[in-house]
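K.L.:
Below are the sequence and a predicted model; questions follow.
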Amino acid sequence: MGTGRRRKIDICKGILTVTMILCHCIQFFGNETEGVQKILADVINLATFSGFLFCFGYVSDIAYYRKEWKESAGKMLKNAVRLLAAFYISGIAYVAFVEQKIFRWDFITEVLFLEKFPGWSEFLASFAVLMLVGILAYPVLKRINVWILLGGILLSGVLCWIPYENVHNSWLALLVGSGDFTTFPVLQYFVYFVWGIWMCRKDKVWSKWIMLGTIGISSPCVVFWVRHGYLPERFPLSWMFLGGGSVLVYAYYLISVGLEKNHEKCKMISWIAAWLEKVGRASLYYLLLSNLLIFALDGSHFSFRSEGYAYGFFVVVILVISYLEWLREGKTKSIVK
């Protein structure tokens, strides 16, 4: 295992990765409109993208924002390119398998030039843009403090009120959202990235004030969900949906800290923590491969909907990717030797 500070974030990323894959399996093959699977999908949707940005922020403080800009900018740009490549692979696979537009160049170029954001792949494009925004915001984030965090919360909330129907440019949609494109707007969600940086810099774990704050921010979304039976608007993003996942993100973080601290007390906890850490370290690998497997099955004659089928395929996906990751690790170790 790695150092404690990175380990708990890798565990958190592992939880987010596994639950995201489960949600995708439910959305493609299960029943996300009612029952347990609806609750699972809603909870996962609320927490996942925000949670990943929180984790990216936490890790970025250690990897980038405590170093000089010249040293960090190149690494962040390289990471952005890697994430954009993953978006291209996933997006083209969605167009080919799910939309059944097998490798038509006109549809592929729409993805390559970010004129189209295929389903269940758009989050990868937002991850890439996040790194670019993180480079531009470097001077501010390097000096992170509670006032910068509060300013980020205020700015994110205000941006949720922009007239999305007037945003027609696909690149701008990645930054602020749009009624024309399904995106995760980076500037609105950026507050979670900033929060992760602040939590790392201050070495925060449990705080009753953070818990009370996230409960307060999440409450309007929870009340809306209880009253109406569905979540507030996600595409384009509403302020209630944006804030709704904050208490879940904090809960995921606390669970990860608990697993990291107590992994030596119980073999089961130790095994779970170690496995989630491995998944978290290879989160992009798991997310990309799971998308390819899900898209391929959805475009085949073996695709149908049932709750059991969704759970079953989820288990198969996790086992297959874990096995491939085990083989990849083995080859890497043999090359090093």
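P.N.:
Arrived safely.
K.L.:
Residue 138: what's it in contact with?
P.N.:
Applying C-beta atoms under 8 Å, 6 or more residues apart in numbering to residue 138 gives the contacts 64-65, 69, 72-73. Every residue, glycine included, has its C-beta placed from N, CA and C.
K.L.:
Quick check: it vs residue 187, distance?
P.N.:
Residue 138 is 16 Å from residue 187, where distance means C-beta to C-beta, to the nearest Å.
K.L.:
for the lowest-mean-pLDDT helix or strand in the chain, packing partners?
P.N.:
Sorting the helices and strands of the chain by mean pLDDT, DSSP states H and E puts helix 307-336 at the bottom, at a mean of 86. Helix 307-336 sits against helix 4-29, helix 35-63, helix 283-298, with contacts defined as 3 or more C-beta pairs under 8 Å, 6 or more residues apart in numbering; DSSP states H and E.
K.L.:
For residue 165, find the nearest of these.
P.N.:
Closest of the helices and strands packed on helix 307-336 to residue 165 is helix 35-63, at 22.5 Å (criterion: C-beta to C-beta).
K.L.:
State the distance from residue 104 to residue 121.
P.N.:
17 Å.
K.L.:
So which of these two has more stuff around it?
P.N.:
Of the pair residue 104 and residue 121, residue 121 is the one with more neighbours under other C-beta atoms under 10 Å, namely 24 against 12.
K.L.:
quick one, phi psi at that one?
P.N.:
phi -130, psi -20 (degrees, to the nearest 10).
K.L.:
dump the residue contacts of it.
P.N.:
If you count contacts by C-beta under 8 Å, 6+ apart, then residue 121 has 87, 90-91, 93-94, 291 around it.
K.L.:
Please, where are all the strands along the stretch 151-300 of the chain?
P.N.:
Ranges of strands in the stretch 151-300 of the chain, per DSSP state E, counting those that start in this stretch: none exist.
K.L.:
That one: helices as residue ranges?
P.N.:
All helices of the stretch 151-300 of the chain, identified by DSSP state H, counting those that start in this stretch, fall at 170-176, 186-201, 208-228, 239-244, 246-261, 267-281, 283-298.
K.L.:
Turn those into JSON lines, columns for mean pLDDT.
P.N.:
Converted to JSON lines, those look like this (pLDDT from 0 to 100):
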{"stretch": "helix 170-176", "mean pLDDT": "97"}
{"stretch": "helix 186-201", "mean pLDDT": "97"}
{"stretch": "helix 208-228", "mean pLDDT": "97"}
{"stretch": "helix 239-244", "mean pLDDT": "97"}
{"stretch": "helix 246-261", "mean pLDDT": "96"}
{"stretch": "helix 267-281", "mean pLDDT": "94"}
{"stretch": "helix 283-298", "mean pLDDT": "97"}
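K.L.:
okay if I get those as TSV plus mean neighbour count and distance to residue 320?
P.N.:
Below are the helices of the stretch 151-300 of the chain laid out as TSV (neighbours: other C-beta atoms under 10 Å; distance: least, C-beta to C-beta, whole Å):
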stretch	mean neighbour count	distance to residue 320
helix 170-176	19	31
helix 186-201	24	30
helix 208-228	14	34
helix 239-244	23	32
helix 246-261	21	24
helix 267-281	18	13
helix 283-298	20	7
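K.L.:
just to revisit the earlier point, out of the contacts of residue 138, which comes closest to residue 213?
P.N.:
After measuring these against residue 213 - C-beta to C-beta - the closest member comes out as residue 65, at 22.8 Å.
K.L.:
Spit out the contact partners of the closest one.
P.N.:
Residue 65 touches 72, 138, 141-142, 144, 197, counting by C-beta under 8 Å, 6+ apart.
K.L.:
ok, 7 Å please
P.N.:
Applying C-beta atoms under 7 Å, 6 or more residues apart in numbering, we find residue 65 in contact with 141-142, 197.
K.L.:
that older thread, compare the helices of the stretch 151-300 of the chain and give me the one nearest residue 324.
P.N.:
helix 283-298 (7.0 Å).
K.L.:
just to revisit the earlier point, please identify the deepest-packed of the helices and strands packed on helix 307-336.
P.N.:
helix 4-29 (a mean of 23; mean count of other C-beta atoms under 10 Å).
K.L.:
Report the distance from stretch 233-248 to the chain centre.
P.N.:
For stretch 233-248, the separation from the chain centroid amounts to 14 Å (computed by C-alpha atoms, centre = their mean, to the nearest Å).
K.L.:
Would you mind writing the CA trace of it as CSV?
P.N.:
Only the C-alpha atoms of stretch 233-248 are listed here, as CSV (Å, rounded to 0.1, in the frame of the first residue of the first chain):
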residue,chain,number,x,y,z
GLU,A,233,-32.2,18.7,-13.2
ARG,A,234,-28.8,17.3,-14.0
PHE,A,235,-28.5,18.1,-17.7
PRO,A,236,-28.3,21.1,-17.8
LEU,A,237,-27.1,21.4,-14.3
SER,A,238,-29.2,22.9,-11.5
TRP,A,239,-27.9,24.3,-8.2
MET,A,240,-29.8,21.7,-6.2
PHE,A,241,-28.3,18.8,-8.1
LEU,A,242,-24.8,20.3,-7.8
GLY,A,243,-25.0,20.6,-4.1
GLY,A,244,-27.0,17.4,-3.5
GLY,A,245,-24.0,15.2,-3.7
SER,A,246,-21.8,17.1,-1.2
VAL,A,247,-22.8,15.1,1.9
LEU,A,248,-22.4,11.8,0.0
